[in-house]
Each structure stands twice: as structure tokens, then as C-alpha cells.
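Undergrad: Structure for the following, please:
(one chain, ligands or ions: 1)
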Amino acid sequence: MYCTEISTKFSAAHFLESEFMHGHNFKVNARLYGNLNKKGMVIDLDKAKNALDEICNEFDHKVMLSELSADSKNKAGEIRIKEKTYKIADEDVVFLPIQSTTAEYVVEYIANRLKEKFKAQNLNLNIFVEMEENYDSSACFFD
Ligand SMILES: [Zn+2]
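TA: You can find the predicted model right below:
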């Protein structure tokens, strides 16, 4: 089995249960494991990189919120997190179908989206995705 790796980055803000709003310059590394195709590649790296960029660009310069969290429903343009109410323009918010915007849930979401894109191209790959929040901390998701 072979492995190739692609990476990208995005800047976004999020809230965690016990914290205030803050942001990170996230770096995402995706390792793609599979057999070689007729061209001698696991995957066309440009296409793989485009797929990862496309997903991560959706979060770039946005506030990431969980659409499943009752507290963060966007009504009348207001977002309630615990006792605080924020007014953030709709185009600056991205609601994600995850339980909370921890690095673990976000990296799982990115990995699953990436996998869907590869499946649509009939590519059967195992993937390992790591998302760095800071130079010294990251979360990973893999099959
Ligand atoms: Zn954080």
C-alpha cells in the first residue's frame, strides 16, 4: 500500500463549552492510503489538494458553530452562547452538522467530506486527517 499527503490551512474562530470566542490558524494534513492506479499514482495530487482546499475554504475567515447546539441557533442574526449574545453577519458564520466545534469533531467532519468527494470519483482510499490548532497541538481522525 502507498501513501500520499496533502495539506492546506484556514483561519477561523470557534467557541468551546467553557471558553470564550477565539481563533486559530488551522493547518490540515491529509494522508491518503491506497494502491497505485494505472498511472502509478494513489491519486492525482492536484485534484486531491483542490478537494481539501474546497472544503477548508468554506471555513476560512468564519466563525464555526455547531448547528446541532440549541444555544447557537441563529435567530434574528443573533447567536447565543451561554449567557452571551453575539451579533455576527450571516456571511461570517458557518454552521457545521457536528455536536460541537472541538478540533476532534471538525477534523472528523473534514475527513468525512473528503472521503465523500473521493467516493464520488470511485476512489477507494483510507484516509488519516490531522488538524493542528497550534504548532504544539492537533487532533486526528482516521478510519
Ligand atoms: Zn480553539
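
Undergrad: Does anything pack onto the lowest-mean-pLDDT helix or strand in the chain? Which helices or strands?
TA: Within the chain, no helix or strand scores below strand 78-81, which has a mean of 78 by mean pLDDT, DSSP states H and E. If you count contacts as 3 or more CB pairs under 8 Å, 6 or more residues apart in numbering; DSSP states H and E, strand 78-81 packs onto strand 84-87. (Glycine included, C-beta is placed from N, CA and C.)

Undergrad: Distance check, Glu5 against Leu45.
TA: According to CB to CB, to the nearest Å, Glu5 stands 9 Å off from Leu45.

Undergrad: okay, and the common contacts of those two?
TA: The contact sets of Glu5 and Leu45 do not overlap (CB atoms under 8 Å, 6 or more residues apart in numbering).

Undergrad: could you point out the longest helix in this structure?
TA: When the chain is parsed with DSSP state H, its longest helix is helix 103-120.

Undergrad: State the mean pLDDT of it.
TA: Average pLDDT, helix 103-120: 95.

Undergrad: now swap in stretch 50-61 and tell me
TA: pLDDT averaged over stretch 50-61 gives 97.
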